[in-house]
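K.L.:
build the 3D model from these lines:
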Amino acid sequence: MVEHNAKSIEGKRTIAASASKSVKTTRYSLWNFWICATALKVLLFPGYYSTDFDVHRNWLAITNKLPMGKWYLEATSQWTLDYPPFFAYFEWFLSQFVPKAVAEDGCLDIVEVGNFGFPTIIFQRTTVILSEVVLYVALQVFINTSDISEKSANFVMASSIVLSPGLLIVDHIHFQYNGFLFGILISSIVAAKNRRYLLCATFFSVALCFKHIFLYLAPAYFVFLLRAYVLDFSSFKFKSYKDLISIVQWPNLFKLAAVVIGIFSVAFLPFISTWPQLLQRLFPFSRGLTHAYWAPNFWAVYSFADKVLTVLVLKLPYLRKILSIVLTSMPKTAADIRFEIDSNNSGTRGLVQDVFFVVLPQITPKLTFLLTLFYQILAVIPVLFDPSFKRFVGSLTLCGYLSFLFGWHVHEKAIMLVIIPFSFLVPFDRRLLTPFTLLASAGYVSLFPLLYESQDFLLKFLYTFIWCILYFYAMGQTSKVNRSGIRRVFFFDRLAICYYLLLVPMVLAVQSLDVLKHKYVALEKYEFLGLMIYSMYCSIGVLSSWIGLSWLYNFDEPMWN
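P.N.:
Residues are numbered from 1 along each chain as shown. So this is what the prediction gives:
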């Protein structure tokens, strides 16, 4: 009996050792994903591209043909250079490798409207694929530096990003360089996880100097680096206000400041003579509150509410009287309302100038800034008390949410600023999966109108549908269950299932509407209806996801400890 038990114990040890060895020897490499994804992207070379393609072609021409001092002054084309200096340097760098045949094709011509052929398309699409290697390297480093117990979940998360439908739609069809830019941002997140705080600050500062939209994430970085690297409360005992000076690690503060100031100096000092024009290009507040297609955020819901109320007050005089008392700025008569609609941009004409609200109060850039700042302050306060990596990424995700939900002139493409940081949270706890799946499904579907060619429908629909099925299941299998062993159900779980089930028929219905409007003239006047449906339905998913994450972030303390 004793001998049998000894053999049994020895057998279990052998199995455990074999399993442990198997985990250690498993290769979590993104190399195969890069090969397969690149093959698909090359096949898409002849496909649709947006005006952003000519934007970047024009920037290649500007940085190649003009001296640096004129980069932010050139305005022959309406697609003026409006990214920070490091991206301008990046475009200049790419322009040095333009082959002669591509240059003769019109790639480097400074003209009002680009006139180019397939050689230019091949060159520019190739630069996107090659620059995206930065994203793969950053995520591979994240996987390699993870603990053995985390590698499987982190590998699923990393592969979900590199195969993201958002990056495929926006970068490799619509045309931008988000994979490269988010690769730099992810490098800063990886450095934060490994407690390489100066490296974290370096990568984030570089990312800011490449794309200023990352400025929305700056509060999370500022508080995290301040608390984790500069302030030391380990031996702090408050006796007088002078003791507050002792908590500052001054050498670390000076090193951090030197890194940030040094990077920004390299980026912006060469353009000191054109700073006013540069800043005006980076922050064009003359544009409207919403983009031509409403991004699925709070202002989309606000705009839709104004449209509904406008219709109601025209048909219901009593409601008009009540609202005119509550909202003093509202036109008093039906004739006044119709005049305001005809003489102003009511938000459904596909225009990007200031949107005029007929019933609800007008929104100013200052108000959007204050709303965003207020909620971001609430998101970063917990990091002051707990500067852990998990808290930092949670704060980072919420800062991205708030910029998207309440920012001024938000593009639908900015949803990637939320999805990518949120991806790093999902492996920590399975309760985060529902708000993430709501965000990812609504966010990726909200990008569909970017590809309005009918031949692109099956590609974007099937790719996104398959991605959601595979990765939502894989994340559910690899994310951690809370320590109590009891899976606490996120309070939107059941509603989220209903939301997913209705998402597919919504997309198919809008696509059918787009097909029918070419056959029936009567439907042409409802051209904005499909975009409005996309915007409103996806807004429900994004806002619900934000509410769910905010609840867990602020009220489920054990999750973050």
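K.L.:
where does this structure dip in pLDDT?
P.N.:
Within the chain, the stretches with pLDDT under 70 are 1-26, 234-244, 286, 292, 328-337, 339-354, 482-492.
K.L.:
domains in it, by residue range?
P.N.:
Following automatic domain parsing, the chain resolves into domains at 290-362, 425-561.
K.L.:
to L43, which of those lies closest?
P.N.:
domain 425-561 (10.1 Å; CB to CB). C-beta coordinates here come from the backbone N, C-alpha and C atoms, glycine included.
K.L.:
just the terminal-to-terminal distance for the closest one.
P.N.:
This stretch, domain 425-561, spans 14 Å end to end (CA to CA, to the nearest Å).
K.L.:
what about L470, how many neighbours?
P.N.:
As a burial measure, L470 scores 14 neighbours (other CB atoms under 10 Å).
K.L.:
so where does it fall, helix or strand?
P.N.:
In the assignment (DSSP states H and E), L470 maps to helix 457-478.
K.L.:
CA atoms only for that helix - export them in CSV, please.
P.N.:
In CSV, the C-alpha atoms belonging to helix 457-478 read as follows (Å, rounded to 0.1, in the frame of the first residue of the first chain):
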residue,chain,number,x,y,z
PHE,A,457,-18.8,45.2,-46.9
LEU,A,458,-18.2,41.5,-46.7
LEU,A,459,-14.5,42.0,-45.8
LYS,A,460,-15.1,44.3,-42.9
PHE,A,461,-18.2,42.5,-41.7
LEU,A,462,-16.8,38.9,-41.8
TYR,A,463,-13.4,39.9,-40.5
THR,A,464,-14.8,41.7,-37.5
PHE,A,465,-17.4,39.0,-36.9
ILE,A,466,-14.8,36.2,-36.8
TRP,A,467,-12.4,38.3,-34.7
CYS,A,468,-15.1,38.9,-32.1
ILE,A,469,-16.1,35.2,-31.9
LEU,A,470,-12.5,34.0,-31.6
TYR,A,471,-11.1,36.6,-29.2
PHE,A,472,-14.1,37.0,-27.0
TYR,A,473,-14.0,33.3,-26.4
ALA,A,474,-10.2,33.1,-26.0
MET,A,475,-10.2,36.0,-23.5
GLY,A,476,-12.9,34.4,-21.5
GLN,A,477,-10.8,31.2,-21.3
THR,A,478,-7.5,32.8,-20.3
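K.L.:
helices and strands around the longest helix anywhere in the chain, which ones?
P.N.:
In the chain, assigned by DSSP state H, the helix with the most residues is helix 527-555. If contacts are counted by 3 or more CB pairs under 8 Å, 6 or more residues apart in numbering; DSSP states H and E, helix 527-555 sits against helix 298-315, helix 365-385, helix 389-406, helix 433-445, helix 493-516.
K.L.:
so for it, what gets flagged as buried?
P.N.:
Neighbour-count burial for helix 527-555 flags 528, 530-532, 534-546, 548-550, 552-553 (criterion: 16 or more other CB atoms under 10 Å).
K.L.:
what angle separates that helix from helix 389-406?
P.N.:
150 degrees (axes from the mean of the first three to the mean of the last three CA atoms, to 10 degrees).
K.L.:
which element follows helix 527-555 toward the C-terminus?
P.N.:
Downstream of helix 527-555 (by DSSP H and E), the next one is helix 557-560.
K.L.:
can you pull the buried residues of that following helix?
P.N.:
M559, W560.
K.L.:
distance of N297 from W551?
P.N.:
According to CB to CB, to the nearest Å, N297 and W551 sit 19 Å apart.
K.L.:
again, but for V259
P.N.:
36 Å.
K.L.:
repeat that for W31.
P.N.:
From W31 to W551 the distance is 39 Å (CB to CB).
K.L.:
next one: L279
P.N.:
38 Å.
K.L.:
what's the answer for G179, then?
P.N.:
32 Å.
K.L.:
what does L256 give?
P.N.:
33 Å.
K.L.:
circling back to that earlier point, how about CSV for the domains of the chain, with distance to E104 added?
P.N.:
Converted to CSV, the domains of the chain look like this (distance: least, CB to CB, whole Å):
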stretch, distance to E104
domain 290-362, 34
domain 425-561, 29
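K.L.:
of all those domains, which lies closest to D52?
P.N.:
Across the domains of the chain, closest to D52 is domain 425-561 (CB to CB), at 9.6 Å.
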